[in-house]
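what shape does this take:
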Amino acid sequence: MSVSFPLHELFPSWRTSQQRLRGVAGGAILGSLLALAGCTTPAPEGPAAPVETPVTSSPTPAATTSPEATAGPEATRPTGRGRWVRADWNALPGWNEDSLTLAWPALLRSCERVGPPPAALQPVALNAAPASVFQVAWAPVCDAARAIGPGADEARIRQFLTSRLQPWRVEGPAGQVDGLMTGYFEPLIEASRVRTARQTVPLYAPPADLATRKPWYTRAQIETLPAALDALRGKAIAWIADPLDATLVQVQGSGRLMLTEPDGRKRMVRLAYAANNDHPFVPLSRWLVQQGAFTLEQANWPAIRDWARAHPQRVRELVNVNPRYVFFREEPLPDPTIGAVGAQGVPLTPGRSIAVDKESIPYGTPVWLASTEPQPWSLNPPPARPLQRLVVAQDTGSAIVGAVRADYYWGWGDGAEDRAGRTKQPLRLWALWPR
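Take a look at the predicted model:
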């Protein structure tokens, strides 16, 4: 599992990617960051993740509970968080409008975690161990998908999915079909290997005595107590300019640094979650609401950024509201077009990977997602724009709990932070499972 929280939890609500309380793949979900304040450092230039145009179709229906399951064999399947109910392909909103070729690479990546079909395929309950569920059910399907290969066209992929998979509507224990979608992303931050006049905020590797003191020092103590500073001497991986950016990458659990070395060379590296100080997470947004900065309905990451720009002298006070502190390890990033690794152990695909509660949806499962595009808060918002597409469950997070719950991976680069920070949307899900 990952260690990060969804950005919406920064106002209370976000997720973990391979340590979302590990990292982005872990990742994610931004809701958590909504408790943060704005950052003043402009985002560095770098390769941007592809951004897909949302499908225009009928909006997601209003919240309801499901009708009774269709009579017949295996009309429902229990999960650890509720149940799946057999559905028809024509029940998936926008199914015929999506570009499935954009989701196919994500599905093939999940198939990399599946070996050859077992000698004897036995039915496995959905609430069994997630790894065994996916391995047994998907081995023959993934074998066929690999045979088709990455160059399959739209018609071939659509025929493959509809002939081999069965849609199942995801429901809660009482038949609830409506849930919540939040968003997460991979921060991209300008950094220096050495402290500079502008870049004074450290990102640390774990101290040697972390395991001997539970909990370790709080965020505020780490910045002021001599004992904490001594334990972290020589542990700074890099230095950045904005304490809000440091909080952001810690909440997300991982990120990218455009790193300037002492000799002036620049290179992009990845920060991956390594450990934390064992203190609970406290949403920054909750404190800002209490301060009268905005209402809970207005709380999102862009609003926190705006508050921080208007109150630079109080940013340190803001970030110290959250005592939790995350430590990192540096990883090479040979291909900047590849996303962070999620809890399933495969790279995430922007716009096509989600974090889920693995007790409801096993890792690697293709999922039809019906939601709406995030937009700025307004007393009179414009009509919702549908976000309806094929995604793959490849990550999880500590805040991603419940049957109809997802954290949507927006990727990195221009626009990713804003979209993730505003994502707090209604949601319906259909799991696509081998027949």
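
so in the protein, where's the weakest helix or strand by average pLDDT?
Here the helix or strand of the chain ranked lowest by mean pLDDT, DSSP states H and E is helix 130-148, holding a mean of 83.

elements contacting it?
The elements that helix 130-148 packs onto, with contact taken as 3 or more CB pairs under 8 Å, 6 or more residues apart in numbering; DSSP states H and E, are helix 104-111, helix 154-164, strand 424-434. Heads up, the C-betas are built off the backbone N, CA and C, glycines and all.

and the last one with helix 104-111, angle?
Interaxial angle of strand 424-434 relative to helix 104-111 (axes from the mean of the first three to the mean of the last three CA atoms, to 10 degrees): 60 degrees.

parallel or antiparallel, list what pairs with strand 424-434.
Under the criterion DSSP bridges, strand 424-434 sits next to strand 165-171 (antiparallel), strand 179-184 (antiparallel), strand 366-372 (antiparallel) in its sheet.

thinking again about what came up before, a markdown table please, covering the helices and strands packed on helix 130-148 and showing mean pLDDT and mean neighbour count.
Converted to a markdown table, the helices and strands packed on helix 130-148 look like this (pLDDT from 0 to 100; neighbours: other CB atoms under 10 Å):
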| stretch | mean pLDDT | mean neighbour count |
| --- | --- | --- |
| helix 104-111 | 97 | 22 |
| helix 154-164 | 98 | 15 |
| strand 424-434 | 96 | 22 |
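
possible to save those as a markdown table with distance to Leu259?
Converted to a markdown table, those look like this (distance: least, CB to CB, whole Å):
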| stretch | distance to Leu259 |
| --- | --- |
| helix 104-111 | 27 |
| helix 154-164 | 38 |
| strand 424-434 | 32 |
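
out of these, which gets nearest to Arg286?
Closest approach to Arg286 among these is made by strand 424-434 (14.7 Å; CB to CB).

from Ala246, how far off is the nearest residue to Gly82 once chain neighbours are set aside?
Closest residue to Gly82 apart from its sequence neighbours, by CB to CB, 6 or more residues apart in numbering: Ala403 at 3.7 Å. Ala403 is 34 Å from Ala246, where distance means CB to CB, to the nearest Å.

repeat that for Pro202.
Pro202 is 8 Å from Ala246, by CB to CB.

quick one: which of those two has more around it?
Remark: of Pro202 and Ala246, Ala246 carries more neighbours, 25 against 18, as counted by other CB atoms under 10 Å.

isn't Ala370 right up against Arg428?
Yes. Under the criterion of CB atoms under 8 Å, Ala370 makes contact with Arg428 at 4.4 Å.

from the chain's centroid, how far away is stretch 242-255?
Offset of stretch 242-255 from its chain centre (CA atoms, centre = their mean, to the nearest Å): 14 Å.

picking that back up, the residue nearest to Gly82 sits in which helix or strand?
Here Ala403, judged by DSSP states H and E, is contained in no helix and no strand.

sec struct for Phe327, please.
strand (DSSP: H, G, I helix; E, B strand; the rest coil).

what's near enough to touch it?
For Phe327, the contact set (CB atoms under 8 Å, 6 or more residues apart in numbering) comprises 204-207, 210, 274-277.

which residues of the stretch 251-400 of the chain fall in strands?
254-260, 266-276, 326-332, 353-356, 366-372, 386-395 (DSSP state E, counting those that start in this stretch).

could you dump these to TSV with distance to Arg193 and mean pLDDT?
Below are the strands of the stretch 251-400 of the chain laid out as TSV (distance: least, CB to CB, whole Å; pLDDT from 0 to 100):
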stretch	distance to Arg193	mean pLDDT
strand 254-260	6	95
strand 266-276	10	95
strand 326-332	10	96
strand 353-356	31	97
strand 366-372	40	98
strand 386-395	30	97
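
quick one on the thing from earlier: what is the nearest of the contacts of Phe327 to Glu330?
Checking these against Glu330 with CB to CB, the nearest one is Ala205 at 7.8 Å.

low-confidence stretches in the stretch 51-200 of the chain?
Along the stretch 51-200 of the chain, the model assigns pLDDT under 70 to residues 51-73, 115-134.

and with 90 instead?
Residue ranges of the stretch 51-200 of the chain with pLDDT under 90: 51-74, 114-137.

Serialize the contacts of Phe327 to TSV and add fields for distance to Ile148 and neighbour count.
Output for those, formatted as TSV (distance: CB to CB, whole Å; neighbours: other CB atoms under 10 Å):
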residue	distance to Ile148	neighbour count
Tyr204	46	20
Ala205	43	19
Pro206	44	19
Pro207	49	22
Leu210	47	19
Ala274	38	20
Ala275	41	21
Asn276	42	21
Asn277	47	22
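
and of the residues you listed, the nearest to Ala139?
Scanning the contacts of Phe327 for proximity to Ala139, where the rule is CB to CB, the winner is Ala274, at 33.5 Å.

I'd like the distance between the closest one and Phe185.
20 Å.

name whatever forms a beta bridge with Gly179.
Gly179 has the following beta-bridge partners by DSSP bridges: Leu427.

tell me how far it lies from Trp377.
Separation of Gly179 from Trp377 (CB to CB): 21 Å.

from memory the residue nearest to Gly82 sits against Val170, does it?
Yes. When contacts are counted by CB under 8 Å, Ala403 is listed as touching Val170 (5.7 Å).
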